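**Q** Sequence and computational prediction follow.
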Amino acid sequence: MHTDKPLFQLHAEIDTRVQAIRAERADWLCGKGCDSCCRRLADVPRLTAAEWRLLQQGLAAMTASQLDDIAQKMVALAAEHGRPVVCPLLDQTTGACPVYAHRPVACRTYGFYAQRALGLYCGDIEAQVAGGELTDVVWGNHDAVDQQLGALGEARALTDLWFGRGKD
């Protein structure tokens, strides 16, 4: 029996920060309709076992056609090594995430947390800061989130988990 309570606690902490930013910044770029980060990933997403279990719940609610489409994208992603990576879960027609409620921590934090030294931040937000439009942005670091996520166990590539190569 797995307990995913630490993951849900981390989600709650992230949600609190995100809600605070959105309450203060109605013009914040990250929100429905923005899929820039989903189309420009630096690498194949990595998930802990707890994140994978949650994602599987979202996948279970999808249609066979949607799952077939994702499976084709996973095969292509596993075979290629090009960058940037487009998230294989993204519905590229609508720009929506079909598993939004079940998305991994990296997806929940993107645009709201940053690791500038690793280049993990939204380029669109950075451009607005450089242009003087978002003058009060604080570039926080992602280290605390990474530490909490690391406590949940090893992260594995989404493609490995999809093809059953990432065991609990």
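**A** Structure's in. What do you need?
**Q** Could you identify the helix or strand that succeeds the strand or helix carrying Ala12?
**A** Using DSSP states H and E, Ala12 sits within helix 5-24. Once the chain leaves helix 5-24, the next helix or strand it forms, by DSSP H and E, is helix 36-39.
**Q** ok, and what's touching that following helix?
**A** Here helix 36-39 makes contact (CB atoms under 8 Å, 6 or more residues apart in numbering) with 30, 84, 86-87, 90, 92, 95, 97, 107, 110-111, 122-124. From N, CA and C alone the C-beta is placed, and that goes for glycine too.
**Q** Please indicate which of those residues are buried?
**A** Neighbour-count burial (16 or more other CB atoms under 10 Å) applied to the contacts of helix 36-39 gives Cys30, Val86, Cys87, Leu90, Cys97, Cys107, Tyr110, Gly111, Cys122.
**Q** can you count the residues close to Gln72?
**A** 11 (other CB atoms under 10 Å).
**Q** same question but for Cys38, I mixed them up
**A** That count, for Cys38 with other CB under 10 Å as the rule, works out to 22.
**Q** Who are the packing partners of the helix or strand bottoming out on mean pLDDT in the chain?
**A** Least confident element among the helices and strands of the chain, by mean pLDDT, DSSP states H and E: helix 123-130 (a mean of 76). The contact analysis (3 or more CB pairs under 8 Å, 6 or more residues apart in numbering; DSSP states H and E) places helix 123-130 against no helix or strand.
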